[in-house]
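Q: I need the structure of the sequence given here:
(one chain, ligands or ions: 3)
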Amino acid sequence: MEAKTSEDHLKVQKMKKKVLRKQVRAQHTLMRHEGIKCISHATQNLVIANAGLGNGMSRQQLLRILEEYGAMETLLMPPNKPYSFVKYRTTEEAKKAFNALNGKEVKLEDCSQNIVLYINFVEKGMVFLLPPGLMVIEKIISPEEERRMLESIDWKGDEDTQNAQKTLKHRKVKHFGYEFRYDNNNVDKDKPLPGGLPEICSPFLEKCLKQGYIKHKPDQLTVNQYEPGQGIPPHTDTHSAFEDEIISLSLGAEIVMDFKHPDGRTVAIMLPRCSLLVMTGESRYLWTHGITPRKYDVIQASELGHKVRTITADVGDLTLNRRETRTSFTFRKVRRSPCNCIYPSVCDSQKGQQRPVQPSFPQNEMEASKLEQEYVHKVYEEIATHFSSTRHSPWPRIVEFLRSLPTGSIVADIGCGNGKYLGINKDLYMVGCDRSKNLVDICGEKHFQAFVCDALSVPIRSGSCDACISIAVIHHFSTAERRLATIRELARLLRPGGTALIYVWAMEQEYKNQKSKYLKEKNGSKNKDKEMNTATAQRPLSDQEPDNSSQDSAWSDQLLNNLKDESCDAKPVADFRLPVHTNRTSFHSQDLLVPWHLKGGTKKKEENVDTGLVPGGSKESQELSPVFHRYYHVFCEGELEAVCRSLDCVRVQKSYYDQGNWCVILEKL
Ligand SMILES: O=C(O)CCC(=O)C(=O)O
Ligand SMILES: [Fe+2]
Ligand SMILES: [Zn+2]
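A: Ligands and ions are numbered 1, 2, ... in the order given. Next up, the predicted model:
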């Protein structure tokens, strides 16, 4: 009897771990494919990873299942996607649904099959999809002001030279203050147009300044007029031409504008009549914006309470909206000095620093190992000396862990780097290992015991260590299986009762309203860690050439693209390119390349350089300094813990967040 109960107990435990594993995998997939971040605390919003139109679930079937747990505000089922979002009226109801459904088998209506659902909580609805720095302010002007502004523009006569009026292939334009030239996507800064900005804009601009939507008075205005079927190709307004803030007033009719991040995320946003679009920061510099030439926009049918309407492609809530003539007033301030934004990959002022790197997400073991070889091992080998010079202060909580171990403990530091933890506690027998020979050599120079090996296969006898540490190592493994395997290997080294401390980089660089040190060092180190990219967000705007049709093919309907997107099962898409991270900014992808700016050139030249630690330096020296990219998988809240919990041989003693890292202490059972 007794034995049976414990067997049952074991079975339940195993089931729980399986659910957890699947749930964590669902979290990865959502993050990687959609930028949807799951969270560990309860909210009103759930994402059901495997119940979407894309895997055969109907709205009716899902509604039936979900309505048992409470009243829903929204059920979003994006076409062709395997997941759905549900927003309950209250967090309580969402919790109820989560507890009742996650990992449980449910019976589907009109279907003989049962399905096990995997569910996660997400932050507020879909608001997280908005490009950072973007605002839409509704009713910024009255219909009367709208009418007067529209009337002030005289479109008669095709070529108005004073205002550089042109009929482009896809729309009519007129310029004030300065002409925007579509041949070089820039303005002639020494050739202002006579007449400046129209007087009628003054009260509106004053209002924008007063309300703080802009900080500087614009001196350039482009008026675009779009007939139904017309549009503007996706582009970023040239950095070197205009300052940060760009505002655009929508007159005459609403329209949907598409925003796209270089990593592929797209957001369609409704711009109502009399509304103001404000683009600053990331949304202005890094994302492209464009209007797809078409006669109808797909828009949300119902108002669901959000002010800014991102079009979520929920088939249950979409409708077509016939376009009418829309006129926009786009105000900008001409830039007088080179752009110094933190997005050099897309900045024409910061060209010459760009070098294409575009490895893909690995599809199998071999590709994973190759990726790590190229984008982890090789890089550390190259940057070892510079890297080591930046790694001197041990982190307090790791020191605390090492100091708390009993005298005489045998401790392995797996991925010891330059050995910064090997000498912390002289009462321990510490041995380090690292994949980088150059880093192990540095340990040797400091008279520490260290050897070269891979964290997946450590030549130390099983059960021989009292403790292990793995600091900033596991995030360099590029598949969930390999990350799990490194932790298993760590656990293998421990004797029963032995403990392991693990640190990995966190996706969340802002936690409990506190920015991590990594984010905070933004200004000081801005020049030190520049992004070097890849994807070209700055596409030509020169659509005036009548037969410039290549533009159109590249310029496909982004919503349609969304619809056609691959369905997202556990495998990533074939050509999933790893985004290159912009240092000192938040993460938008869990799998990415992080640039390392080598100071002082290659290894041989090192002795000439004594400025290695000083962030910044002259522009020239930056241009000369080579950039390397390291692969990282940054961990979401709860992910590291969940991976550890899926192992039967360890217990999670402690789990915490420390300076932008997720950390656990494991105990070997
Ligand atoms: O029509 C709009 O609102 C945007 C126009 C635009 O992006 C531009 O002229 O650069
Ligand atoms: Fe623009
Ligand atoms: Zn720039």
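
Q: How about the residues of the stretch 1-150 of the chain by ligand 3?
A: For the stretch 1-150 of the chain, no residue is in contact with ligand 3 (CB under 5 Å from the ion). All C-beta spots, glycine's among them, are computed from the backbone N, C-alpha and C.

Q: Can you give me the pLDDT of the residue of the stretch 1-150 of the chain found nearest ligand 3?
A: Distances between the stretch 1-150 of the chain and ligand 3 by CB to the ion are smallest at Gly133, namely 13.3 Å. On pLDDT, Gly133 comes in at 85.

Q: can you pull the contacts of it?
A: 279-284 (CB atoms under 8 Å, 6 or more residues apart in numbering).

Q: now, which of those residues sits nearest ligand 3?
A: Among those, Arg284 lies closest to ligand 3 (CB to the ion), at 9.2 Å.

Q: Now that closest one: closest residue in space, sequence neighbours ignored.
A: Using CB to CB, 6 or more residues apart in numbering and skipping the chain neighbours, the partner closest in space to Arg284 is Ile246 (5.6 Å).

Q: Just list whatever residues bridge to that neighbour.
A: Beta-bridge partners recorded for Ile246 (DSSP bridges): Met279.

Q: longest strand in the chain, by residue count?
A: Counting by DSSP state E, the longest strand found in the chain is strand 494-505.

Q: Please list the residues outside the helix or strand following that one that contact it.
A: Next in sequence after strand 494-505, counting helices and strands by DSSP states H and E, comes strand 510-511. Outside strand 510-511, the residues that touch it by CB under 8 Å, 6+ apart are 516, 519, 586, 657, 660.

Q: Report the contact partners of the third one.
A: Right, the one you point to is Ser586. Counted by CB under 8 Å, 6+ apart, Ser586 has contacts 509-510, 519.

Q: quick one: the residue of the stretch 1-150 of the chain closest to ligand 3 and Arg265, what's the gap?
A: 14 Å (CB to CB, to the nearest Å).

Q: got it, and Lys437?
A: On the measure of CB to CB, Lys437 and Arg265 end up 39 Å apart.

Q: Up against ligand 3, what does the stretch 301-450 of the chain have?
A: Within the stretch 301-450 of the chain, the positions lying close to ligand 3 (CB under 5 Å from the ion) are 339, 341, 347.

Q: What about these, which one has the most neighbours?
A: Taking other CB atoms under 10 Å as the neighbour criterion, Cys347 ranks highest of these with 26 neighbours.

Q: Report the contact partners of the closest residue to that residue other than its chain neighbours.
A: Nearest residue to Cys347, sequence neighbours excluded (CB to CB, 6+ apart): His239, at 4.7 Å. Applying CB under 8 Å, 6+ apart, one finds that His239 lies in contact with 285, 335, 339, 341, 346-349, 538.

Q: hmm, try it at 10 Å
A: Shown in contact with His239 (CB atoms under 10 Å, 6 or more residues apart in numbering): 284-285, 335, 338-341, 343-344, 346-350, 538.

Q: Next: Ala467.
A: Per CB under 10 Å, 6+ apart, neighbours of Ala467: 401-402, 404-406, 409-413, 428, 430, 493-495, 498-501, 665, 668.

Q: Write a ChimeraX command that selects only the buried members of the residues you listed.
A: Applied in ChimeraX, the following selects the buried portion of the contacts of Ala467 according to 16 or more other CB atoms under 10 Å:
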select :401,402,405,409,410,411,412,413,428,430,493,494,498,499,500,501,665,668
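
Q: Could you check the angle the host helix or strand of Ile398 makes with strand 494-505?
A: Ile398 belongs to helix 396-403 when elements are defined using DSSP H and E. Orientation of helix 396-403 against strand 494-505 (axes from the mean of the first three to the mean of the last three CA atoms, to 10 degrees) gives an angle of 170 degrees.

Q: Report the mean confidence score over the following helix or strand past helix 396-403.
A: Remark: after helix 396-403, the chain's next helix or strand is strand 410-414, criterion DSSP H and E. The average pLDDT within strand 410-414 is 98.

Q: Can you tell me the element the residue most central in space within the chain falls in?
A: In the chain, the residue lying closest to the centroid (CA atoms, centre = their mean) is His588, at 1.0 Å. Element membership for His588, per DSSP H and E: none, as it lies in no helix or strand.

Q: Double-check it against His581; I have them as touching.
A: Yes. Counting by CB atoms under 10 Å, His588 touches His581, with 8.3 Å between them.

Q: How about the secondary structure of the closest residue to Ala253 other than its chain neighbours?
A: Of all residues not flanking Ala253 in the chain, Glu324 sits nearest, at 3.8 Å (CB to CB, 6+ apart). Of the three states, Glu324 takes coil according to DSSP: H, G, I helix; E, B strand; the rest coil.

Q: So Glu324 sits against Gly252, correct?
A: Yes. Applying CB under 10 Å, one finds Glu324 in contact with Gly252, separated by 6.8 Å.

Q: Have a look at the two and say which one is more surrounded.
A: The residue with more neighbours, out of Glu324 and Gly252, is Gly252; 18 against 13, by other CB under 10 Å.

Q: Quick one: residues contacting the more buried one.
A: 146-147, 149-150, 225-226, 273-274, 324-328.

Q: What about those, which are in helices?
A: Cross-referencing the contacts of Gly252 against helices under DSSP state H gives 146-147, 149-150.

Q: so which two of those residues are the farthest from each other?
A: Greatest spatial distance among those (CB to CB): Arg147 and Met149, at 7.4 Å.

Q: what's the overlap in contacts for those two?
A: In contact with both Arg147 and Met149: 141, 251-252, using CB under 10 Å, 6+ apart.

Q: where do the strands sit along the stretch 451-600 of the chain?
A: Counting by DSSP state E, counting those that start in this stretch, one finds strands in the stretch 451-600 of the chain at the ranges 465-471, 494-505, 510-511, 514-515, 591-597.

Q: actually the stretch 1-150 of the chain, sorry about that
A: Counting by DSSP E, counting those that start in this stretch, the strands of the stretch 1-150 of the chain are 38-39, 45-48, 72-76, 84-88, 105-107, 114-116, 119-122, 134-137.

Q: closest to ligand 1 out of the ones you listed?
A: strand 134-137 (11.0 Å; CB to the nearest ligand atom).

Q: picking up where we left off before, out of the contacts of His239, which end up buried?
A: 284-285, 335, 339, 341, 343-344, 346-348, 350, 538.

Q: Dump the residues you listed into TSV; add pLDDT, secondary structure and distance to Glu367 as well.
A: Converted to TSV, these look like this (pLDDT from 0 to 100; DSSP: H, G, I helix; E, B strand; the rest coil; distance: CB to CB, whole Å):
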residue	pLDDT	secondary structure	distance to Glu367
Arg284	96	helix	36
Tyr285	94	helix	32
Arg335	96	coil	43
Cys339	93	coil	37
Cys341	85	coil	34
Tyr343	82	coil	29
Pro344	81	helix	28
Val346	85	helix	28
Cys347	89	coil	31
Asp348	90	helix	34
Gln350	84	helix	32
Gln538	34	coil	30
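
Q: quick one: which of these is nearest to ligand 1?
A: Distance to ligand 1 across the buried ones among the contacts of His239 (CB to the nearest ligand atom) is lowest for Arg284, with 10.5 Å.
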